[in-house]
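Asker: Fold the following.
(chains A, B, C and D)
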There are 4 protein chains.
Amino acid sequence: MAGRSVRRVRFRTLRDLEAAARRSVRPDVWGYIAGGAGDERTIRANADAFAQWRLRPDPRAEIGSVDLRTKLLGLEVSAPFFVAPMAYQRTIHPGGERATAAAAASLGLLGIYSTLSSASLEAIARSAGAGPRWFQLYLQPDRARSLELVRRAERAGYAAIVVTIDAPVLGFRDRQALSGFALRRWPAVGNGPGVSSPPRGPVWEGGPYRLERRQASAWADIAAVGRATSLPLVIKGVLTAEAARHAVRAGAKAVLVSNHGGRQLDLASPALEALPAIVDAVGRRTEVYLDGGVRRGSDALVALALGARAVGLGRPVLWALACGGRPGVVRYLRLFGTELANSMLLAGRPSLASIDRSLLAPAPGGPGAAADAAAGRR
Amino acid sequence: MAGRSVRRVRFRTLRDLEAAARRSVRPDVWGYIAGGAGDERTIRANADAFAQWRLRPDPRAEIGSVDLRTKLLGLEVSAPFFVAPMAYQRTIHPGGERATAAAAASLGLLGIYSTLSSASLEAIARSAGAGPRWFQLYLQPDRARSLELVRRAERAGYAAIVVTIDAPVLGFRDRQALSGFALRRWPAVGNGPGVSSPPRGPVWEGGPYRLERRQASAWADIAAVGRATSLPLVIKGVLTAEAARHAVRAGAKAVLVSNHGGRQLDLASPALEALPAIVDAVGRRTEVYLDGGVRRGSDALVALALGARAVGLGRPVLWALACGGRPGVVRYLRLFGTELANSMLLAGRPSLASIDRSLLAPAPGGPGAAADAAAGRR
Amino acid sequence: MAGRSVRRVRFRTLRDLEAAARRSVRPDVWGYIAGGAGDERTIRANADAFAQWRLRPDPRAEIGSVDLRTKLLGLEVSAPFFVAPMAYQRTIHPGGERATAAAAASLGLLGIYSTLSSASLEAIARSAGAGPRWFQLYLQPDRARSLELVRRAERAGYAAIVVTIDAPVLGFRDRQALSGFALRRWPAVGNGPGVSSPPRGPVWEGGPYRLERRQASAWADIAAVGRATSLPLVIKGVLTAEAARHAVRAGAKAVLVSNHGGRQLDLASPALEALPAIVDAVGRRTEVYLDGGVRRGSDALVALALGARAVGLGRPVLWALACGGRPGVVRYLRLFGTELANSMLLAGRPSLASIDRSLLAPAPGGPGAAADAAAGRR
Amino acid sequence: MAGRSVRRVRFRTLRDLEAAARRSVRPDVWGYIAGGAGDERTIRANADAFAQWRLRPDPRAEIGSVDLRTKLLGLEVSAPFFVAPMAYQRTIHPGGERATAAAAASLGLLGIYSTLSSASLEAIARSAGAGPRWFQLYLQPDRARSLELVRRAERAGYAAIVVTIDAPVLGFRDRQALSGFALRRWPAVGNGPGVSSPPRGPVWEGGPYRLERRQASAWADIAAVGRATSLPLVIKGVLTAEAARHAVRAGAKAVLVSNHGGRQLDLASPALEALPAIVDAVGRRTEVYLDGGVRRGSDALVALALGARAVGLGRPVLWALACGGRPGVVRYLRLFGTELANSMLLAGRPSLASIDRSLLAPAPGGPGAAADAAAGRR
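Answerer: This is a model prediction of the structure:
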């Protein structure tokens, strides 16, 4: 790592960001950032899902102001998008999570930081300063260690605990494997040597296997976390109404609709496709967020119109980090916010409260198009 | 600009026109012509929408004549297509809007000319001579200046005022930005130094913002324009039935279904997809036009069959202008009209009055296919 | 032409035929063969339409024999496919239509030969010998000349008159135009200097036009042809149920569902998509054929299952002619027949009588899929 | 063959396996492995069918163990996937079927071995040792020879007879033909010189033909096989509910939904699309398996959720064999099983009994999407 040169590759728009990032990092790191599970069908479906909807601009309103500010579980944030939790950010840029956190905080944006950050949660909190932050928890094999992480997060000013449930084991990330990416070459996990990543899962050799405890007791551990903290729980990795209801019964105040950026189960539902049924099921009393495939301001608008309260930004934050550390992330987040505000203006929906399902029509062949047609709505 | 060489690149059909144009201009100018908002999903959807319909030729008619002449808001025109308003045409060819206007007028075609033309509206009118012309108005920050433009248009023989409502701010045009296109290198706006373009919109930096007047009072200003002129009002940028009804209530005699050639809000409805509901809502008493993605005579036929009274031609006019100034535009418009007449003959619909919805069937998976299927119509 | 070398390019399957043909001819001739109207969307849709259906093989039958023989308007033919009428075949190979006719006749297959053949209909008849043949008639500006062609066809042993109604004017064939293909460089039309091709149609210059007689009186001339001959009439170029009924009322004994190989009206319905409604409308008493996009034996099977009594082969015959004159066409037709018989065997439908709609299911998103779904059939 | 070098090309994931295999074999052998019928539309549809479904992960379960073991017709196997029958494996690697069988057996997986194996069924049985194995039977022209093969299979410990019904003749395999693949260059069929492959089928030359006995008496011969053995019969090549019911009436205990890897009838239904109706028709009392297009663990999960009891692996086994003989196949099968177990864990369905239709949602435009929409289920 010592010899790694930190190139700065400038990007000018959200259009050239990915290519600029690719030029900024080693091929193995690109394999880590870009790769997903299996044939990456869910990654592609995540992105394609937005174009299955049409925005119906409403120029009727007289628009006096635009305001992106909202509250997420009572926490004031400057916009309805946040930095999704992503591990090992120092593989991408020496600034790592601290650069990301400083960038998000400087704009008043929520950042969610991973158990597997390459900086400690306390160091990230210092970088974030007064900025809004949540802590993402991978349940640890040893429940006591999970609770210890929660307590450290409480002390460091994190305002919610985001428990990821879609990673009892790691998915098959072929592109990453083929790129030669190897974690051992990089700095250790910042939260301490005893902190565990989701395991690779057992290798099948013809027989059955009894799982280690870590896959076996997720919900019991979640309940224990809930009892042990006064912070609100967010469950990340929900893709069905049934799972959302289960999460709420287990005490979640919010659910994050996500397929882990397509990195876990290939063919899992695209996040945007999964969203409406989850909003219908639990959205009245529970906040619903989404990550997966959000690339442009208009994508965020589609997700908000389908009932997401906020959207998470994943790979693009890493791209921006790769392009230039903290200033790169600031530039990216500003661009994204500006695009979202611009899209809201152009759509005639200048406030978050004015964004609803009537902003959308399904594209031909898109979700709901047949139902609309059958009901004579088109 | 002085050193710019004006190459003439000959095109022979509508098929080689775009590539010929691309060879005719500098890359930055091509970025201006070709680029659209965001990921340009709406640009692609505009074009793809036509192939979601099938033409059902009717060879039953005994065809004695073909006539493309029609009236648009009472104005006689030689065909149901027109030059859509496009700004800054001198960046593309020294002849600019004057060349375009002379070409359209020479064929008896309506031209709509932009507030942001690189020639004055009076100069354009002189080039158009007796040719039919409408004036496109970008509402100015100062209402008096809007009214002054309207009065100049009246005096210069423009027969309608086309108010654009889809550009309270400019969209994000990444391709244009990345191409290095910079307006300051080009001739000033012809209508005077005080005339304003839609603003870029506020840059988001984490806070809310109160908008300047120009975004805030569109409809009040439109009403003021309506009261101040005897010319009919056309509202451009309508994409929903609700907006169309609003425009009619605000005094519009016609609406132009348009997403600004995909240059404003990425993921906005393709114009052709938006058309039927608008025709259903206001088409009985209000003329409905369409622009966006019309490239071939058969495309125009689809739009007419769905209820458009006329279609606007945008980028192809710029391509033709790039290829050879006024003669290029004349050649293009002739080819387009010949193709439309040819398509009408081949479709067995030799008069505009004979073109209706029965000419069309939805392609499998296209709009309405499911509804047709549910109703047993296929 | 004198210096044109006749290369023989061997093809081995239906898969390498097109590429072999392309290597066999000059680029301008390829432009003539391959090109279609406008953006060639109908050409592509013709071919894509077959894959919107699934073949449902039925292995229940005990199969004792395979027989492709059938009757077309009472004429015995060896298989339910025929050589579609195509003009100017000597541009492709010196053998021209005579080579094609000899090939089809040698296998007992119907050939339909164009008014615009580069050999006279009498010469073609001599090459066909006892082989089944029909004459394709382009209505002539002078009705007497149409009737004279019909009388010559009767005398030369043609068994039906196929009147094309989809070419009152020629379509816009941009690829052909751009390839530099020019008829004047090639041998004259074989049926005499007075025989006319469909005209290019009027060039639009801003005004209306009254058409020459040739576009104006198609159906009156068709009726006159019907009265003047005892041969059965086939109407070619039917794409809707309405047109099919009209053709039957005008005396047609059969209709050929065709969009002229996508060479006339871009966006016209793909032939296969148009077929079912036409079969429903007139198929009980009138024979229905199809051409357009049939490339493989399984394509023919789909068309037969949807109710076509026979399918026409167009461009592939020209490809085979280009590859090697008469032996090339013989080889191609044998391959096609073998593939069809093979497909029938594999589908468990060894006789033409056993092929019906139950052999098919719509692909997801294909025609009728939504209707099937709504009716609970899937 | 003597001079053929056996290169070992290492693959690391299921993602690089196909390309590694392609580098491992001669182009003609690749043509044999990869090619299919006609334009290979069914091959592509086989693979594309999986992405028409979405996996709906259910993280509610507390997962204590993962077990892939199941029984196929009472035979214990270590996982619900098997090696599909494939002929002539020594063309791919000198180890041929014996290497494949040893690999499958070492993992406790079922292997099905073809009548046309390049090793004798007895030799394959010796390589498989105690491993589960079934014998695939191509009905022989001479019924006695079929029965003799069955008796040899009984003696050699094969536990079921899999009769293929989709190959009364060979399909048109153009890619294979064009690659120059010629069986005569390779070792003879291992089961003896008198064993016959499906015939090429008659060449059409204009007339009808009476088939040889081998196509004519499939079901009578199947009945004779059933009477002559106590082993259960599996019918392979079923693509419709009707055929499945027929197979059951003829005594089948299981059906294998298959289109022969797209090698027989181009445009035949993709296996996965055909599956649900077959499960509905016979699945209650008859085991239903599927092969065709299964490439990843998540593909298998989709097929199991639609009612398949097990899935067959075809080309990927050949790819692995090409990459390294027995160790290559072991590596591949381990990877596949690991991926399936991983996918089950991530989907929250850790036992085969817990996998059902509720795990799936149709993709927009996918099979059943319109029906779901019409019923208000989305």
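Asker: Leaving out chain neighbours, which residue sits closest to residue A:276?
Answerer: Counting by CB to CB, 6 or more residues apart in numbering or on different chains, residue A:276 lies nearest to residue A:306, which is 5.4 Å off, once chain neighbours are set aside. C-betas here are computed from N, CA, C, even on glycine.
Asker: who are the neighbours in contact with the one you found?
Answerer: For residue A:306, the contact set (CB atoms under 8 Å, 6 or more residues apart in numbering or on different chains) comprises A:53, A:272, A:275-276, A:279, A:357, A:360.
Asker: Which single one of these is nearest to residue C:251?
Answerer: Ranked by distance to residue C:251 (CB to CB), those are led by residue A:53 at 51.8 Å.
Asker: for the residue nearest to residue A:276, phi and psi?
Answerer: phi -90, psi 0 (degrees, to the nearest 10).
Asker: roughly how far apart are it and residue A:285?
Answerer: Distance of residue A:306 to residue A:285, computed by CB to CB, to the nearest Å: 18 Å.
Asker: one step back: and the contacts of residue A:306, which two are the farthest apart?
Answerer: A:53 and A:279 (14.3 Å).
Asker: And those two? Which one has more around it.
Answerer: residue A:53 (25 against 22; other CB atoms under 10 Å in any protein chain shown).
Asker: you'd agree residue A:288 is in a helix?
Answerer: No. Under DSSP: H, G, I helix; E, B strand; the rest coil, residue A:288 falls outside any helix and is assigned strand.
Asker: okay but it is in contact with residue A:308, surely?
Answerer: Yes. With contact defined as CB atoms under 8 Å, residue A:288 reaches residue A:308; the gap is 5.8 Å.
Asker: How far away from the center of its chain is stretch A:61-71?
Answerer: In terms of CA atoms, centre = their mean, to the nearest Å, the centre of stretch A:61-71 is found 24 Å from the chain centre.
Asker: Same check on stretch A:313-326?
Answerer: Offset of stretch A:313-326 from its chain centre (CA atoms, centre = their mean): 13 Å.
Asker: quick one: that stretch near chain B?
Answerer: No. Contact of stretch A:313-326 with chain B (CB under 8 Å from any CB of the partner chain) is absent, the minimum separation being 12.8 Å.
Asker: Quick one: mean pLDDT over that stretch.
Answerer: Averaged across stretch A:313-326, pLDDT comes to 97.
Asker: Check the spatially most central residue of chain A and give its pLDDT.
Answerer: Geometric centre of chain A, nearest residue: residue A:84, 3.3 Å, by CA atoms, centre = their mean. Looking at residue A:84, its pLDDT is 98.
Asker: Against chain B, how distant is the closest residue to it other than its chain neighbours?
Answerer: Closest residue to residue A:84 apart from its sequence neighbours, by CB to CB, 6+ apart: residue A:312 at 3.5 Å. Distance of residue A:312 to chain B, given as CB to the nearest CB, to the nearest Å: 18 Å.
Asker: sec struct for residue A:312, please.
Answerer: Going by three-state DSSP: residue A:312 is strand.
Asker: give the contact list for it.
Answerer: A:81-84, A:112, A:256, A:258, A:289-292, A:294.
Asker: Pull up the gap between residue A:259 and chain C, please.
Answerer: Look at residue A:259 and chain C: by CB to the nearest CB, they are 22 Å apart.
Asker: Neighbours of that residue, how many?
Answerer: Number of residues near residue A:259 (other CB under 10 Å) recorded here: 33.
Asker: In this structure it contacts residue A:166, no?
Answerer: Yes. Counting by CB under 8 Å, residue A:259 does reach residue A:166; the two are 6.9 Å apart.
Asker: any common contacting residues for these two?
Answerer: By CB under 8 Å, 6+ apart, residue A:259 and residue A:166 have these common neighbours: A:237, A:239, A:265, D:57.
Asker: Can you give me the pLDDT of the third one?
Answerer: Spelled out, that is residue A:265. Residue-level pLDDT assigned to residue A:265 equals 98.
Asker: ok, now the last one?
Answerer: At residue D:57 the predicted local confidence, pLDDT, stands at 96.
Asker: re the thing from before, want to try JSON lines for the contacts of residue A:312, with secondary structure as columns?
Answerer: Output for those, formatted as JSON lines (three-state DSSP):
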{"residue": "A:81", "secondary structure": "strand"}
{"residue": "A:82", "secondary structure": "strand"}
{"residue": "A:83", "secondary structure": "strand"}
{"residue": "A:84", "secondary structure": "coil"}
{"residue": "A:112", "secondary structure": "strand"}
{"residue": "A:256", "secondary structure": "strand"}
{"residue": "A:258", "secondary structure": "coil"}
{"residue": "A:289", "secondary structure": "strand"}
{"residue": "A:290", "secondary structure": "strand"}
{"residue": "A:291", "secondary structure": "strand"}
{"residue": "A:292", "secondary structure": "coil"}
{"residue": "A:294", "secondary structure": "coil"}
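Asker: now, among the residues you listed, which is nearest to residue B:108?
Answerer: Nearest member of those to residue B:108, counting by CB to CB, is residue A:294, at 49.1 Å.
Asker: ok, residue A:113 touching residue A:120?
Answerer: No. Using CB under 8 Å, residue A:113 is not in contact with residue A:120; the gap is 10.0 Å.
Asker: And those two? Which one has more around it.
Answerer: residue A:113 (34 against 19).
Asker: nearest residue to the more buried one other than its sequence neighbours?
Answerer: Distances taken as CB to CB, 6+ apart place residue A:124 nearest to residue A:113, at 5.0 Å, with adjacent residues excluded.
Asker: residues touching that neighbour, list them.
Answerer: A:97-98, A:101, A:113, A:117, A:133, A:156, A:190.
Asker: One more pass at 7 Å, please.
Answerer: By CB atoms under 7 Å, 6 or more residues apart in numbering or on different chains, the contact list for residue A:124 reads A:97-98, A:101, A:113, A:117.
Asker: Closest to residue B:75 out of the residues you listed?
Answerer: Ranked by distance to residue B:75 (CB to CB), the contacts of residue A:124 are led by residue A:101 at 61.7 Å.
Asker: Just to check, the closest one is in contact with residue A:128?
Answerer: Yes. Here residue A:101 reaches residue A:128: they are 4.2 Å apart, a contact under CB atoms under 7 Å.
Asker: Now list whatever residues contact both of the two.
Answerer: Contact with both residue A:101 and residue A:128 is made by residues residue A:111, according to CB under 7 Å, 6+ apart.
Asker: ok, those two, which is more surrounded?
Answerer: Set residue A:101 next to residue A:128 and count neighbours by other CB under 10 Å: residue A:101 wins out with 29 against 25.
Asker: In terms of neighbours, single out the busier of residue A:288 and residue A:308.
Answerer: residue A:308 (29 against 24).
Asker: Is the more buried one located within a helix, as I assumed?
Answerer: No. Going by three-state DSSP, the assignment for residue A:308 is coil, not a helix.
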